[in-house]
Each structure stands twice: as C-alpha cells, then as structure tokens.
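Visitor: can't give you the sequence, but here's the structure:
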Ligand code: OFO
C-alpha cells in the first residue's frame, strides 16, 4: 500500500534532495571563484549526485501511482568565511539528511510499506558514504588550517579525487 503518509514523506525528501543539489551548486560556484579548481569539481559532482537522488525519488513516486510536488527553491546569498565553514555546513547538512532518511525508513515500517522500505535502503547506504566522505574532507581541512601550501595541495588532491573517485 502506498499511503498518503509515505507519499508526503517521500515528496518532502525529494525537495530536500533538490535543496541539497542547489546548495552544493552554490558552494561549487563560490569555491570556483576563489580559485579552488579541484574542490569545485568535487562540489559540482556532488550537486549532480543530489539531483540524481531527487530523480530517483520522483520516478519511484510516479511508479507507485503518486503525485510529485516540487517546491520553489529560495535563492541563496551566503558568503562563507572559510573552506572550513563551508565543509562544516556541508557535513551538518548531510547529517540532517541522514536523519530524514532514517525517519522515512521508520514510517515505511510503521505503514508496513515494504516496497518503500526496500527502496530506501539505497539511500541509507548512500548516507553512510556521504557522511563519511564529508567528515573526512572536513578533518583534512581542519588539519591544514590556514596553511596556503597545504590548501593548494589539498585542492590538487581533490582534482585527482574527482578523476579517480578516491582520496
Ligand atoms: Fe547527500 O544525499 Fe542525497 O540522499
């Protein structure tokens, strides 16, 4: 059964994925303008990934006979004080998304919607990866601190990471 409650939860989630995609797009552009060629590739990629997460939800809802609703995205106008602050926000954002996914898993069990429960397992695994990756990047940036040489090398590593998907 595809209940109203599940549908509302999935629609809320797809709009969160869309927000994540926009947020990381904004971050990518901000970082690119500061000259970080590698970090911006990572963030542009990340933004694209969030869009695919959104699409996955849209297509699942449609497959189950639901109706998708897309919210308006508010414009962002943030200036980050540092890369550390940017990645701190990114990490906190991912943790918030993980909570939302876990909440959806709980609802799907409560509603006995095992199709949706199964569908959501992909997101559960993805969040484990994304939280770990964003925490690792934040740790590296904290380690480097304000050292310009360190940031230069880190940006270069991120460029390679973008090519090899491995840091
Ligand atoms: Fe960053 O993750 Fe989507 O779900």
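Guide: Here it is on my side, so go on. What you are looking at is a predicted structure, and each value in this text was computed from that prediction instead of being measured. Numbers count the residues shown, from 1 in each chain.

Visitor: Can you pull the residues of the chain lying near the ligand?
Guide: Residues of the chain found near the ligand (Cβ under 6 Å from any ligand atom) are 17, 20, 50, 53, 94, 97, 123, 126, 130. Heads up, the C-betas are built off the backbone N, CA and C, glycines and all.

Visitor: Pick out the residue of the protein closest to the ligand.
Guide: Closest to the ligand within the chain is residue 53: 3.8 Å, counting by Cβ to the nearest ligand atom.

Visitor: Any buried residues in the helix or strand of the chain with the lowest mean pLDDT, and which?
Guide: Using mean pLDDT, DSSP states H and E, helix 148-164 stands out as the lowest-scoring helix or strand of the chain, at a mean of 87. Using 16 or more other Cβ atoms under 10 Å as the test for burial, helix 148-164 gives 151, 154-155, 158-159, 161-162.

Visitor: same question, stretch 59-68
Guide: Buried residues in stretch 59-68, counted by 16+ other Cβ under 10 Å: 60-61, 64, 66, 68.

Visitor: Show me the two of those that sit farthest apart.
Guide: 64 and 68 (10.9 Å; Cβ to Cβ).

Visitor: Check which helices and strands the strand or helix carrying residue 45 sits against.
Guide: Under the criterion of DSSP states H and E, residue 45 resides in helix 37-63. On a contact count with 3 or more Cβ pairs under 8 Å, 6 or more residues apart in numbering; DSSP states H and E, helix 37-63 meets helix 4-33, helix 114-144, helix 148-164.
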